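>>> Sequence and predicted structure are below.
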Amino acid sequence: MLTDEAVITVCAGHGGAGRASFFKKGTGPDGGDGGKGGDVYLQTTSNLDALNRFASQKKYYATDGHEGAANKKTGADGRDLTLSVPIGTEVVDVDTKEVFNLDTTEQTVLVAKGGIGGKGNNALKSSRMTTPIHAQHGMPGQTRQLRLTLKLLADFGFVGLPNSGKSSLLNAITAANAKVGNYQFTTLEPNLGVYEDKVIADIPGLIEGASAGRGLGTKFLKHIEKVPVLLHCIAADSPNLLGDYKTVRSELKSYNPRLLKKKEVIILTKSDLAYEADIQKMVKTLSKVSKLVLPVSIFYDESLEKLKELINPA
Ligand SMILES: Nc1nc2c(ncn2[C@@H]2O[C@H](COP(=O)(O)OP(=O)(O)OP(=O)(O)O)[C@@H](O)[C@H]2O)c(=O)[nH]1
Ligand SMILES: [Mg+2]
């Protein structure tokens, strides 16, 4: 199972305490400063499964800074902790609502800063206080609760009713090998495929009431939030093409009205299941709601070439 959402707590290390000590023979202070607590970083990886580990473990710690020592020795800094998240992860601080978008390869962000070490009594001496007997405590590291949400980064996203042929098309034009079946909700998790250098996402089908939790609901729509072009699949053997179209559009709208602003191409799928003249009529009907309508069948190579051309124009 692909984990695409998790809430975790990250704790940076505590700063080490400064040392209060004195040179054995002399009188001067020689206590060193404490080391800095380790920071917590998030770093992107191309591994889409990277959030899976957060399903079981919820709390992550960088280590504390070490205490300062005699002879003006500074304590060692705590070790930083770097957690990998998939490219396309949105990170929201649950309390402050601060957002970090991790959208590029090998992007690193500091999410919790380690506490600074306390000053030793050597560093605290001044002209007025030449022999301080106390040293400072280290400061606590930052603790943050973070919500991690994976939003796939793709160039195109297939949407449509269940069984409209989305996964079949992904397989026909990429090496994705997504599961295909003649029943609703064959796809239970998003699939990604690559054609040339274009990434295409295939998500589970939507049905009327998805935004109210019917079917698999709309939770997978987060995966097309960042996709610039929607490939809206409508099957040519459907008794109500415009009805299918409106159902999906209305679920997209309930999830996030901005999805309706994306560029959309209607893919009239399974075009082998109707006569050519009827396909032309269907294209005309659908042209009323979308500028671009492309009839496609996984059995017609020429139509697949047109789809590829649309995805990656020569
Ligand atoms: N005749 C014909 N059948 C097709 C075509 N494309 C897909 N199918 C069939 O349609 C059924 C559904 O295909 P899928 O690709 O699983 O559909 P989907 O939209 O991914 O479905 P969900 O994952 O449930 O949302 C399967 O039985 C496919 O073999 C096509 O071009 N022509
Ligand atoms: Mg599917």
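Thanks, I have the structure now. Numbering: from 1, shown residues only. Ligands and ions are numbered 1, 2, ... in the order given.

>>> after the top helix by length along the chain comes which helix or strand?
Ranked by residue count and defined by DSSP state H, the top helix of the chain is helix 241-255. As assigned by DSSP states H and E, the chain's next helix or strand after helix 241-255 is strand 263-269.

>>> Strand partners (parallel or antiparallel) of that next one?
If you go by DSSP bridges, strand 263-269 pairs up with strand 229-235 (parallel), strand 293-295 (parallel).

>>> which of those is buried the deepest?
Highest mean neighbour count among the strands paired with strand 263-269 (mean count of other C-beta atoms under 10 Å): strand 229-235, with a mean of 24. The C-beta positions use only the backbone N, C-alpha and C, and glycine is treated the same way.

>>> by how many degrees do that one and helix 241-255 diverge?
140 degrees (axes from the mean of the first three to the mean of the last three C-alpha atoms, to 10 degrees).

>>> CA atoms only for strand 229-235 - export them in CSV, please.
The C-alpha trace of strand 229-235 is given here as CSV (Å, rounded to 0.1, in the frame of the first residue of the first chain):
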residue,chain,number,x,y,z
VAL,A,229,-3.5,18.9,-18.0
LEU,A,230,-6.4,16.5,-17.3
LEU,A,231,-7.1,13.7,-19.7
HIS,A,232,-10.8,13.1,-19.1
CYS,A,233,-11.8,9.6,-20.2
ILE,A,234,-15.3,9.0,-21.3
ALA,A,235,-16.2,5.5,-22.8
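
>>> tell me how far that strand is from the chain's mean position?
Centre-to-centre, strand 229-235 and its host chain are 23 Å apart (C-alpha atoms, centre = their mean, to the nearest Å).

>>> The stretch 151-300 of the chain: strands as residue ranges?
Applying DSSP state E, counting those that start in this stretch to the stretch 151-300 of the chain gives strands spanning 156-160, 191-195, 198-202, 229-235, 263-269, 293-295.

>>> Include mean pLDDT when you put the ones you listed into a markdown table, please.
Formatted as a markdown table, the strands of the stretch 151-300 of the chain follow (pLDDT from 0 to 100):
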| stretch | mean pLDDT |
| --- | --- |
| strand 156-160 | 96 |
| strand 191-195 | 90 |
| strand 198-202 | 92 |
| strand 229-235 | 97 |
| strand 263-269 | 97 |
| strand 293-295 | 98 |
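
>>> Okay, domains of this protein per the record?
Domain ranges of the chain: 5-150, 156-311, per automatic domain parsing.

>>> Let me know which of these is the nearest to ligand 2.
domain 156-311 (3.0 Å; C-beta to the ion).

>>> could you check whether the closest one is close to ligand 2?
Yes. Counting by C-beta under 5 Å from the ion, ligand 2 has neighbours in domain 156-311: Lys166, Ser167, Thr186, Thr187.

>>> Verify the stated contact: Pro140 with Gly115.
Yes. The criterion here is C-beta atoms under 8 Å, and Pro140 meets it with Gly115 at 4.9 Å.

>>> shared neighbours, the two?
Counting by C-beta atoms under 8 Å, 6 or more residues apart in numbering, the shared contacts of Pro140 and Gly115 are His14, Gly15, Gly37.

>>> Before I go, just wanted to say thanks for your time.
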